[in-house]
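Engineer: next come a sequence and a model predicted from it.
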Amino acid sequence: MTDDIPRRSVQRSARLASLPLGFASRTAAGWGRRLAGGDQGEITADVARRGAEQLFAVLGELKGGAMKFGQALSVFEAAVPPEMAEPYREALTKLQTAAPPMPTARTHRVLAEQFGRGWRERFREFDDTPAAAASIGQVHRAVWHDGRDVAVKVQYPGAEEAIMADLRQLQRFSRMVQPLVPGMEIKPLLSELRDRMAEELDYRDEADAQRAFAAAYEGDPHVVVPRVVASAPKAMVSEWVTGTPLSAIIRSGEPEERDRVGLLLSRFHFSSPARVGLLHADPHPGNFQLLPDGRLCVIDFGAVAKLPDGLPYELGHMLRLAVEDRAEELLELLKQLNFVLPGVDMGSDEAIAYLGPLTDPLRTEKFHFTRSWLRGQADRLGDLRRPEFTTGRGLNLPPQYLLVHRVTLASVAVLCQLDAEIPLRGIFEQWQPGFAA
């Protein structure tokens, strides 16, 4: 194991290239086994399992932007076809919370650089074994000098260089990586990740965002945000909270628990812009826990969107028109807001059909988010033979709405992982400006 994130561009590019090449070779071998009379179901499952294992091994080892890409994919695993879903679900879930740790000496060096040579005096205890590790940093459990249990987040040396190098390489490989995750558009996801990742590298910004969320949700009966204790550019200390990881609830939670967590997640997602002026922009399951008292704990505020005026009114109005099937008014609004590219001839009914992933859950008082529903939406929008595919090519997403749209779709994907049934329409009516009738 090296001292930090592997930085050499040639090494990282070679490892990333191994993903699509390995997938292609395994697929070719699978076809050979089918021709030789092998069981198709078993062969398909074996190819998926081996691909998932390689995906986790490569992205987890490289950390940086490669692992961030894997975490982003993990949110959308509910859209993966059933025969491939289980192995990818396990591998991608690991990427939400785990990565090979950096050596203890390197961790101590970073803490000394960030908090001074006497950094140990700030703690009564410090566990050198990481409690969790992710894309740009790892977390250690410790006891602050005043007796509080705390989480100490330490950034990997070389994170910035590795992140940008990875995302550049992954964009070059996007067409080859696409078969690893059917039903997703890889290139736009990578572009958005590249634009946002630079903002996550200074933990002082993350600490400021977490302080704002903690203050806004202080005493809230449904949501807990741990308080920040200390922060520096590459290290951060916040209160330790112990709960059930969302990934565990996705894997084996009872229906009532799934519905409760889905409700809490949705309330948090749609209420925070109005309450804090910020949107938590990294909704993968590794950032949420259910506490013993039934509250939702939210962590990791490295990626946030600044929304001082709350969620955009125009998006709410657009969805209200779609839900009420006011097709002509919707198309006119889409044109006014530059959602329809110049020169594109689009029918009003096509626009309503394309918004299905967002409007279907709003047409009833309660909606059951399922993996099969999400797969159907992904298949419908990605099928070249269907009119929705052509409609999508003619639609544009103005920059000011890009992150809100991406986070909302990611939140919907997590609800499908949970298999939750929730009253999303009522939440929209309370928190999404422009939607209430």
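Structural biologist: That came through fine. Numbers count the residues shown, from 1 in each chain.
Engineer: please name the bridge partners of Ala133.
Structural biologist: Note on Ala133: beta-bridge partners by DSSP bridges are Gln138.
Engineer: for Ser272, see how far away it is.
Structural biologist: Ala133 sits 27 Å away from Ser272, going by C-beta to C-beta, to the nearest Å. Quick note: C-beta positions are derived from backbone N, CA and C, even for glycine.
Engineer: between these two, which one's more packed in?
Structural biologist: Shown here are Ala133 and Ser272; by other C-beta atoms under 10 Å, Ser272 has more neighbours (26 against 20).
Engineer: show me where the stretch 301-437 of the chain has its strands.
Structural biologist: Counting by DSSP state E, counting those that start in this stretch, the stretch 301-437 of the chain has strands at residues 304-306, 367-368, 421-422.
Engineer: could you dump those into a markdown table with mean pLDDT added?
Structural biologist: What follows is the strands of the stretch 301-437 of the chain, written out as a markdown table (pLDDT from 0 to 100):
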| stretch | mean pLDDT |
| --- | --- |
| strand 304-306 | 89 |
| strand 367-368 | 97 |
| strand 421-422 | 98 |
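Engineer: and the ones you listed: which comes nearest Gly253?
Structural biologist: With C-beta to C-beta as the criterion, Gly253 lies closest to strand 421-422 of the strands of the stretch 301-437 of the chain, at 13.0 Å.
Engineer: run through the neighbouring helices and strands of that closest one.
Structural biologist: helix 255-276, strand 367-368 (3 or more C-beta pairs under 8 Å, 6 or more residues apart in numbering; DSSP states H and E).
Engineer: relative to Thr408, which of those is closest?
Structural biologist: Among the helices and strands packed on strand 421-422, helix 255-276 sits nearest to Thr408 (C-beta to C-beta), with 7.5 Å.
Engineer: mean confidence (pLDDT) on the closest one, please.
Structural biologist: For helix 255-276, mean pLDDT is 97.
Engineer: I'd like the next helix or strand past it.
Structural biologist: strand 278-280 (DSSP states H and E).
Engineer: give the pairing partners of that following strand; include direction for each.
Structural biologist: strand 304-306 (antiparallel).
Engineer: what are the buried residues along the partner strand?
Structural biologist: Under the neighbour-count criterion of 16 or more other C-beta atoms under 10 Å, strand 304-306 has 304-305 buried.
Engineer: what do you get for stretch 279-286?
Structural biologist: Those buried within stretch 279-286 under the rule 16+ other C-beta under 10 Å are 279-286.
Engineer: want to throw those into TSV with pLDDT and distance to Ser247?
Structural biologist: Below are these laid out as TSV (pLDDT from 0 to 100; distance: C-beta to C-beta, whole Å):
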residue	pLDDT	distance to Ser247
Leu279	95	22
His280	94	17
Ala281	88	19
Asp282	84	15
Pro283	85	13
His284	82	9
Pro285	86	5
Gly286	84	7
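Engineer: ok, back up a step: what's the most buried one of the helices and strands packed on strand 421-422?
Structural biologist: With neighbours defined as mean count of other C-beta atoms under 10 Å, the helices and strands packed on strand 421-422 peak in mean count at helix 255-276, which reaches a mean of 20.
Engineer: C-alpha coordinates for that one, CSV please?
Structural biologist: In CSV, the C-alpha atoms belonging to helix 255-276 read as follows (Å, rounded to 0.1, in the frame of the first residue of the first chain):
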residue,chain,number,x,y,z
PRO,A,255,-41.5,-2.3,5.4
GLU,A,256,-42.5,0.2,8.1
GLU,A,257,-38.9,1.1,8.7
ARG,A,258,-38.3,1.6,4.9
ASP,A,259,-41.3,3.8,4.6
ARG,A,260,-40.3,5.9,7.7
VAL,A,261,-36.8,6.4,6.4
GLY,A,262,-38.1,7.3,2.9
LEU,A,263,-40.4,9.9,4.5
LEU,A,264,-37.6,11.4,6.6
LEU,A,265,-35.2,11.5,3.6
SER,A,266,-37.8,13.3,1.4
ARG,A,267,-38.7,15.8,4.1
PHE,A,268,-35.1,16.6,4.6
HIS,A,269,-34.3,16.9,0.9
PHE,A,270,-37.2,19.2,0.1
SER,A,271,-37.2,21.3,3.3
SER,A,272,-33.5,22.2,3.6
PRO,A,273,-33.4,24.8,0.8
ALA,A,274,-36.2,26.8,2.6
ARG,A,275,-34.8,26.2,6.1
VAL,A,276,-31.0,26.5,5.4
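Engineer: rewinding a little: need the helices and strands packed on strand 421-422 in JSON lines with distance to Glu161, can you?
Structural biologist: Listed next are the helices and strands packed on strand 421-422 as JSON lines, based on distance: least, C-beta to C-beta, whole Å:
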{"stretch": "helix 255-276", "distance to Glu161": "32"}
{"stretch": "strand 367-368", "distance to Glu161": "43"}
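Engineer: nearest to Tyr217, out of those?
Structural biologist: Tyr217 lies closest to helix 255-276 among the helices and strands packed on strand 421-422, at 7.4 Å (C-beta to C-beta).
Engineer: quick check, Val154 in contact with Ile136.
Structural biologist: No: using C-beta atoms under 8 Å, Val154 makes no contact with Ile136, being 10.0 Å away.
Engineer: nearest to Arg260 among the buried residues of stretch 279-286?
Structural biologist: Once C-beta to C-beta is applied, the member of those that ends up nearest Arg260 is Pro285, at 15.0 Å.
Engineer: isn't that closest one right up against Pro245?
Structural biologist: Yes: Pro285 is within contact range of Pro245, at 7.2 Å (criterion: C-beta under 8 Å).
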